[in-house]
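In: sequence and predicted structure are below.
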Amino acid sequence: MKLQVPRWLRSIIGRDLLWKVESSSKVIYLTFDDGPIPEVTPLVVEILKSYNWKATFFCVGENVSRYPEVFTLLLEEGHRVGNHTFNHMQAFRNPADVYLRNVYKAREWIDSRLFRPPHGQLTGSLKRALMKDFTVVMWDVLTYDYDAGMKEEEMLKILKRELRPGSIVVFHDSLKARDRMLKVLPKALEYWMSEGYTFGLL
């Protein structure tokens, strides 16, 4: 099965990063990347509200600056937020100093000690710099909702097969992922609840 973060990279930079939460309880840490945007994020909030479920949203600073009312909605509804850089910047395509400035620019809009690197890209030097101020959150269950070739039933299989207590699950509240995510999210929540899982917040 394809992995967005190669196993060799996990072994090199993976120490001290939060891939899952150690837990003996049936707790899921549901997360969303790339928002907030008015076309998608409020729809996610409504779905979560209908299931009495909370999540952590890793927000792009530029989106927060454009749509502060959507960002405020997340906070008002009791969700947690994290930093996902200001411009959804990729670490492998930018100098370290440029990348770090982008992260701290996002922090001016997003008051959080949680950080997730876009595309899971992170170098050892960036990890060391970021961990001075952030908990770097990765994942152990990726939905691939951004992949146009991913079918709904395949996503559900992943969400059932890979899940375990303390799993950090990634969806995306983005235009690219919207249709697949909105179809699968309610079914995932129904399945998790039927299996006795509850939510946790990072």
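Out: Yep, it's here. Residues are numbered from 1 along each chain as shown.
In: look up how far Tyr99 lies from Ala188.
Out: According to Cβ to Cβ, to the nearest Å, Ala188 and Tyr99 sit 32 Å apart. For the C-beta atoms, the positions are set from N, CA and C on the backbone; glycine is no exception.
In: same deal with Arg66?
Out: 21 Å.
In: the strand of greatest length in the chain pairs with which strands?
Out: Longest strand in the chain by number of residues (criterion: DSSP state E): strand 27-33. Partner strands and pairing direction for strand 27-33 (DSSP bridges) are strand 56-59 (parallel), strand 168-172 (parallel), strand 198-199 (parallel).
In: quick one: buried residues of it?
Out: Ile28, Tyr29, Leu30, Thr31, Phe32, Asp33 (16 or more other Cβ atoms under 10 Å).
In: Arg66 and Tyr99: which is more packed in?
Out: Tyr99 (24 against 13; other Cβ atoms under 10 Å).
In: quick one: the more buried one from Arg178, how far?
Out: Taken as Cβ to Cβ, the span from Tyr99 to Arg178 is 27 Å.
In: and if you look at Asn94?
Out: In terms of Cβ to Cβ, Asn94 sits 27 Å off from Arg178.
In: what does Leu202 give?
Out: 23 Å.
In: swap in Leu30?
Out: Applying Cβ to Cβ to Leu30 and Arg178 gives a distance of 17 Å.
In: before we move on, what about Trp109?
Out: 23 Å.
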